[in-house]
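Trainee: let me see the structure of the following:
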Amino acid sequence: MPAVLISASISVQTSLDRVAQSELNKLQQISSTIAGQIQQTFSSHQSFAAFLSREPRLLELMLKPGDEASTREVKGRFNAVISTNPEVELLMALDTTGRVLTSSDPALIGRNFAFRDYFKTAAQGRPASTSIIVGAVAGNAGVFFSHPVFDTAGQVVGVFVIKMLARSYGELVEQAAEDKILEPFVIDGDGVIIHHANQNMLYKSLTPLSEKRQAQIAEDKRFRIERVESLNLFSLAKALANSNSFGYVNYSGPDGMPSIAGFSPVLNVGWTVVVSEPESVFRAPLEQLFQKFVWVMVVAGVVVLLLTLLAARVFVSPIKRLASAAAKVEQGDYDGAVTGLSTHDEVGQLSRAFDNMLVGIRDREKVKDVFGRMVSPEVREKLLQGTLSLGGESARVSVLFSDIRDFSGLSERMPPSEVVELLNEYLTEMSIAVGNWGGYINNFIGDAIVVVFGVPVKQENIETRAVFAALEMRERLSSLNKRRRSQGKVALKNGIGISTGEVVAGQMGSIDRFLYTVIGDAVNVAARLEGLTKEFEEFPILLNEETYLALKLDETFVAQNLGEQPVKGRLAKVKVWGIRLVAQ
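Mentor: Residues are numbered from 1 along each chain as shown. The predicted structure follows:
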């Protein structure tokens, strides 16, 4: 009997450890998702503030502070924004001294906010934002965004301020929680809880704040309280201190009960999202089961060895089965981890809860997989982490553009279903080729494929990667044509243009809908070079000179200078080089 008890204890502890790890990973994933949504919303609010600051009527008011017509028009515009945007609570136009020229709240007109940090920063020509502020005026928690107003000479002539209600961020936190057992909350850079479903936890710090910091918070009327109380959650605060990445932690909650939490920083905002859960949620069923098991074993000790062995088998087997399923979850085998236990006792209840958890995990993995197919794994990960926002950045890239020769003619001679089958077969081979060299497929345009090297993930030797990807595309096209000829189908031809240069890469579009793409002369040149391949049949791959000069040459391909060539839509000629495999 002691050996059986020890075995059961080990099995239960192993199951607890694995279930705990799985639960920690879940909490971490939820916190990362919430943080990404908050960061995206924060970025959208920043972009909205920048957009409104460029309102022409606002500039007129700054240049003519006392003009009644300008004041009336700006105030009307402010009221229109308030009425159509429930997330907006307040808009203000301030002159360079910090005095409010007009506002959606008439009570603020004439007041001076030069002491506010968000005004000081904007007055120096840089946009600014705050953490959650309750403030002394409206008393509603919100975030202030300020933006300088520039005249035509680029001089700061005023400051535009907008306050977004904190509930727009709080709703994201509450919606992401799967059930009421989870406890999601957000802390600011001072370690103060700025969002929590439990109002008693709101505006309390994880650890005691310094007297200097207490005085600053009270003076700013940030939370409209005289003093921030501490929850004394030192272990949680230590795990979050100076953390720039997501993670998880075991800690003692405010009530002293053991808890676990996953956390993730909100990038570029200074907040941290924490999703907490009492350990008893997942530990209690197994611990209760083990206690009952021990009791049964003690009682069964008076029974013959056969009954003892039979009882051990009945109770230990389901636990081992659950432990095996937990191990499969840890290994990522979600389909094989189903316990399948249908009993009505505690083991069956725990098994069904375990199986229900698997359904949620599989659904999240499926969504993540489908998301990755739609936007590429690289862009997917950056979106989930909240590192992509509306706008772009300059980057040096190599752009590869390829399409099928006479595709329009082929389409006319084939039924639509065969055209789709041909395209899927062709684009699959081409996608494998560019993927082997780290290319990011930016777009499929009918039979054309646009590939970028160097973004969204920075790479070395982008020119060489692009050229060798093009050469592999040609090799795979040759193999594809052999199969097609053996099936009595027409062979395909394609042309490839590669151009290297500076582009703007990022998410383009509107605040409501955007797409990660690249824009620049290098993209246009790559498309035009692909068109030129029709004039150089012996060179199906054409490069601009910047690509050629950066290549790491070897004996597998031949390069030839084709001189300066005019390209459609470009005044200056392009120095063109032809590339082909030695065997061609």
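
Trainee: all strands of the stretch 1-150 of the chain, in order?
Mentor: Counting by DSSP state E, counting those that start in this stretch, the stretch 1-150 of the chain has strands at residues 88-94, 100-103, 128-129, 142-150.

Trainee: in the stretch 451-584 of the chain, which spans are strands?
Mentor: 494-509, 514-519, 541-544, 557-565, 574-581.

Trainee: tell me which other helices or strands the shortest one touches.
Mentor: Spelled out, that is strand 541-544. helix 462-486, strand 494-509, helix 521-532, strand 574-581 (3 or more Cβ pairs under 8 Å, 6 or more residues apart in numbering; DSSP states H and E). Glycine gets a C-beta too; all of them are placed from N, C-alpha and C.

Trainee: could you pull out the buried residues of the longest one?
Mentor: The neighbour-count criterion (16 or more other Cβ atoms under 10 Å) identifies 462-474, 476-477, 480, 484 as the buried residues of helix 462-486.

Trainee: tell me the mean pLDDT over stretch 460-478?
Mentor: For stretch 460-478, mean pLDDT rounds to 93.

Trainee: what are the contacting residues of it?
Mentor: Identification of contacts with stretch 460-478 by Cβ atoms under 8 Å, 6 or more residues apart in numbering yields 396-400, 402, 426, 429-430, 432-434, 436-439, 451, 453-454, 459, 492, 494, 496, 498, 500, 540-541, 543, 546-548, 550-552, 556-557, 579, 581, 584.

Trainee: in helices, which of these appear?
Mentor: Under the assignment DSSP state H, these contribute 426, 429-430, 432-434, 436, 546-548 to helices.

Trainee: and Phe119, how far is that from Pro456?
Mentor: Shown here: Phe119 relative to Pro456, a distance of 36 Å by Cβ to Cβ, to the nearest Å.

Trainee: and those two? Which one has more around it.
Mentor: Phe119 (22 against 19; other Cβ atoms under 10 Å).

Trainee: give the contact list for that one.
Mentor: 94, 98, 113, 146, 159, 161.

Trainee: tally of neighbours for the second one?
Mentor: By that I understand Gly98. By other Cβ under 10 Å, the residues close to Gly98 number 16.

Trainee: please name the nearest non-neighbouring residue to it.
Mentor: In space, and not counting its chain neighbours, Gly98 is closest to Ala114: 2.7 Å by Cβ to Cβ, 6 or more residues apart in numbering.

Trainee: in the stretch 201-350 of the chain, where is pLDDT below threshold?
Mentor: Within the stretch 201-350 of the chain, the stretches with pLDDT under 70 are 242-244, 282-304, 307-318, 320-323, 325-326, 328-350.

Trainee: try 90
Mentor: 201-206, 209-226, 228, 230-271, 273-350 (pLDDT under 90).

Trainee: can you pull out the helices in it?
Mentor: 211-220, 234-240, 280-300, 305-331, 346-375 (DSSP state H, counting those that start in this stretch).

Trainee: hmm, back to that, and the residue nearest to Gly98, its phi and psi?
Mentor: Dihedral angles of Ala114 (phi, psi; degrees, to the nearest 10) stand at phi -60, psi -20.

Trainee: what's the spacing between it and Leu94?
Mentor: 8 Å.

Trainee: circling back to that earlier point, among the strands of the stretch 1-150 of the chain, which comes closest to Arg528?
Mentor: Among the strands of the stretch 1-150 of the chain, strand 142-150 comes nearest to Arg528, with 37.5 Å by Cβ to Cβ.

Trainee: beyond that closest one, next helix or strand please.
Mentor: Following strand 142-150 in sequence order, the next helix or strand is strand 156-165 (DSSP states H and E).

Trainee: name the helices or strands packed onto the helix or strand following that following strand?
Mentor: As assigned by DSSP H and E, the chain's next helix or strand after strand 156-165 is helix 167-176. Helices and strands touching helix 167-176, by 3+ Cβ pairs under 8 Å, 6+ apart, are helix 2-53, strand 183-187, strand 193-196.

Trainee: buried set for helix 167-176?
Mentor: Quick answer for helix 167-176 (16+ other Cβ under 10 Å): 167-170, 172-173, 176.

Trainee: same question for stretch 68-76.
Mentor: Quick answer for stretch 68-76 (16+ other Cβ under 10 Å): 70-71, 73-75.
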